[in-house]
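S.K.: Generate a structure from the sequence data that follows.
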Amino acid sequence: MVKIIPLRAQVKSHFVFTFINALLFTVIATNYFDYLPLNLSWFDWSYIGVATVGQMGLLALLVGVISLPLSVIKSVRVRVILTSIIFSAALMTLYGDTQIFAQYRFHIQPVLVEMVFSGGIVEFSLVNYLFAASLILLAFLLQCGMYWFVLKRGANHIKNLGRLTVLSIFLAMLATHVTHIWASANGVNSITNFSRFLPLFYPATANRLMLQYGLVDEAQLAQNNKLKVDKNSNLAYPLSPITYKEVKPTNILFIIIDSWRHDSFSEKVTPNIWQFAQHGQVFNQHYSTGNATRAGIFGLFYGLPATYWHSFYRNRQSPILMDRIQQLDYQLGIFSSAHLLKPEFDETVFVHVPDLRVRSKADSKAGRDIEITQEWLEWDKHKDPSRPAFSFLFYDSPHGYDFPADYPNKFEPQVSRMDYLSINNDTDRLPILNRYNTSVNFTDSLISKVLNQLKESGELANTLVVITGDHGQEINDNKQNFWGHNGNFTDPQIKVPFMMFGAGLKTATNQYYTDHMDLVPTLMLNYLGANGSVENYSAGYNLFDSHIDRRQWLILASYSDYALVNENSILHVSGTQGGYQYLDRHNRPKESKPDFVQLNEAYALMRRYLE
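M.R.: Residues are numbered from 1 along each chain as shown. All right, here's what the predicted structure looks like:
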């Protein structure tokens, strides 16, 4: 039986319960440590431990303050239940964030939440819901038990624990921020890079003050500031007005497969695409402009590094490619399985497309892919033959490892469904890869209907078909527990198939480095009549230029970071802080220094089209 206790004692019990939760939060936060670099010093680990205690204590205290009004409720049972609900929600959010971070290496974000609830990321099964419900119930019972224990023992009996916890959290926060101020001013990346590992963690900086007292490594500080992405600048795009010559417009068809691995373009996995590609040009060393949809589609349509996304989105700036296509009075057929609202392609790539089709109606990714195929086939049959046509088909099934239950051509053995909650670094990847390849094979079967209709109608002779992926899909290729994309910049996440055929294009197989930025100048120069230098509006190269093999490095982006990738290394940069990790092509730390000549070239490119 719990005695009725005075208000002051109730508040004290509430905060003791809060600080016990701080310890629990800290234990859960150690899950983030699994993804830290391997070459950390004892000093780095000391900072990481202290910072984690301070940040988790701060988050627990925030929840405690929010729930503080509940401590005055007279009914003990009601007080325990309501307070436990709030702390359970916080605990489950933190646990969910560790799972998100394990897959994507970023934390829960508003855009991610919107995409999950819209079906854009994961489609949950009944087993997922039952597991989540069980976990929530367990968290709630744990919280009730802990609160009941505090009330039964009395806050005064364990007040020393509360005081010790408060003091520890305060000292940890103080040490964290002081250390980070020093590390930020002196470019100690092993310290500043840790900020991305904890949720809502924004340690202090005081670079100007440190500079004033001569406590700064000025060269390193300047380098880190230089690396930050400018999200607010106005645009200088194009650099000068573009002039055009008269052209006879060619029909253009973009077919994009979400999350298409470069090794899943093969005669076995994609037999129909493979057959058509043999009559065109295949680029075997092709890369996206990022490891996520937003970055990949941006680079494909704008011909620029995806680090420009924020500036173009803020200015609602359409791509020169789409402006020219609409200027030439192309009929537009935009058919996307996933919706075009998140990422905001309706306000960037297709911002000036009238009556834009922004979403599909079917419940599953496979169903939506069938839907857009049927809609395109009807649109193609009824379009005006006297006008050129541009169409865009964006397939989504491989993103969700999805295909109809009765689809006959399955790769075996395979998992019955893709359950991210059940996989880890020791999971056998073959059954998952087989399910993924089945989804790609299903997508290939749909695309064959599109290509065969073009061929049978005779339109293929006047239609340039471009088929590629927006980004790749890692299936733990590097044995670092990456299952998906937007997590690193290794080949499984950034290398994609790329081919062009139709419209009388000659047959060729190309082995030099190309990326998504190259499509815009290729179309503008060879099909849309643009004159002048490509650098006026794009950072890519003309794919038909014999000198395209001059590319020495690639610049790629995720939702928050960017990377400079060359033959031997990955320079992974925090887009907000400017700190970096220098890695090999398999995402493992390198001991040497980055190529700062290439870095300065990349820096200049990322600012070329900003005023």
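
S.K.: Give me the phi and psi for Ile570.
M.R.: Main-chain dihedrals, Ile570, degrees, to the nearest 10: phi -130, psi 120.

S.K.: From what I see, it and Leu583 are in contact.
M.R.: Yes. Using Cβ atoms under 8 Å as the test, Ile570 is close enough to Leu583 to be in contact (4.4 Å). In short, each C-beta sits where N, CA and C put it, glycine included.

S.K.: Between these two, which has more neighbouring residues?
M.R.: More crowded of Ile570 and Leu583, by other Cβ atoms under 10 Å: Ile570, with 26 against 21.

S.K.: Low-confidence bits of this structure, can you list those?
M.R.: Scanning the chain for pLDDT under 70 picks out the ranges 1-6, 103-106, 109-125, 154-162, 207-208, 210-233, 547-549, 575-578.

S.K.: domain ranges for it?
M.R.: 7-227, 251-605 (automatic domain parsing).

S.K.: for the ones you listed, which one sits closest to Ala236?
M.R.: With Cβ to Cβ as the criterion, Ala236 lies closest to domain 251-605 of these, at 10.2 Å.

S.K.: so Gly54 touches Thr165, yeah?
M.R.: No. Taking contacts as Cβ under 8 Å, Gly54 lies outside contact range of Thr165: 11.7 Å.

S.K.: between those two, which one's more packed in?
M.R.: The neighbour count for Gly54 versus Thr165, taken as other Cβ under 10 Å, is higher for Gly54 (25 against 21).

S.K.: What's the first helix or strand after the host helix or strand of the more buried one?
M.R.: Here Gly54 sits within helix 42-66, counting by DSSP states H and E. Remark: after helix 42-66, the chain's next helix or strand is helix 76-104, criterion DSSP H and E.

S.K.: Report the buried residues of that following helix.
M.R.: Neighbour counts over helix 76-104 (16 or more other Cβ atoms under 10 Å) mark 76, 79-81, 83-85, 87-88, 90-92, 94-95, 97-98, 100-104 as buried.

S.K.: again with stretch 317-333
M.R.: Under 16+ other Cβ under 10 Å, the buried positions of stretch 317-333 are 317-322, 324-325, 328, 330-333.

S.K.: Which of those fall within helices?
M.R.: The helices, defined by DSSP state H, take in Ile320, Leu321, Met322, Arg324, Ile325 from the buried residues of stretch 317-333.

S.K.: Using JSON lines, lay out these together with distance to Gln511.
M.R.: Below are these laid out as JSON lines (distance: Cβ to Cβ, whole Å):
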{"residue": "Ile320", "distance to Gln511": "29"}
{"residue": "Leu321", "distance to Gln511": "26"}
{"residue": "Met322", "distance to Gln511": "31"}
{"residue": "Arg324", "distance to Gln511": "30"}
{"residue": "Ile325", "distance to Gln511": "30"}
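
S.K.: Closest one of these to Arg588?
M.R.: Using Cβ to Cβ, these come closest to Arg588 at Leu321, 37.5 Å.

S.K.: wait, what's in contact with the nearest residue to the closest one once chain neighbours are set aside?
M.R.: Counting by Cβ to Cβ, 6 or more residues apart in numbering, the nearest residue to Leu321 once its immediate chain neighbours are dropped is Val520, at 5.2 Å. Neighbour list for Val520: Leu300, Phe301, Tyr302, Gly303, Pro319, Ile320, Leu321, Tyr537, Ser538, Gly540 [criterion: Cβ atoms under 8 Å, 6 or more residues apart in numbering].

S.K.: Tell me which stretches of the stretch 301-450 of the chain form helices.
M.R.: 309-315, 320-327, 365-382, 430-457 (DSSP state H, counting those that start in this stretch).

S.K.: related to what we said a few turns ago, tell me which strands and helices the helix holding Gly54 is in contact with?
M.R.: helix 7-29, helix 76-104, helix 159-186, helix 189-192 (3 or more Cβ pairs under 8 Å, 6 or more residues apart in numbering; DSSP states H and E).

S.K.: ok, now with 6 Å
M.R.: Counting contacts by 3 or more Cβ pairs under 6 Å, 6 or more residues apart in numbering; DSSP states H and E, helix 42-66 is packed against helix 7-29, helix 159-186.

S.K.: hang on, the earlier thing: just say which of the domains of the chain is most tucked in.
M.R.: Among these, ranked by average contacts under mean count of other Cβ atoms under 10 Å, first place goes to domain 251-605 (a mean of 20).

S.K.: returning to that earlier point: would you point out the most distant pair within the contacts of Val520?
M.R.: Most distant of these, by Cβ to Cβ, are Leu300 and Tyr537, 14.4 Å apart.

S.K.: still on that earlier bit, which among the contacts of Val520 gets closest to Gln414?
M.R.: Leu300 (30.3 Å).

S.K.: Run a quick check on that closest one versus His516, I expect a contact.
M.R.: Yes. Taking Cβ atoms under 6 Å as the definition, Leu300 is a contact partner of His516 at 4.5 Å.

S.K.: how about the residue nearest to Arg435 when sequence neighbours are not counted, what does it touch?
M.R.: Leaving aside its chain neighbours, Arg435 sits nearest to Gln414 (4.1 Å; criterion: Cβ to Cβ, 6+ apart). Counting by Cβ atoms under 6 Å, 6 or more residues apart in numbering, Gln414 makes contact with Pro431, Asn434, Arg435.

S.K.: would you say Ile136 is within a strand?
M.R.: No. Counting by DSSP: H, G, I helix; E, B strand; the rest coil, Ile136 falls outside a strand, being helix.

S.K.: so what's it closest to, chain neighbours aside?
M.R.: Counting by Cβ to Cβ, 6+ apart, the residue nearest Ile136 is Met92, at 5.8 Å.
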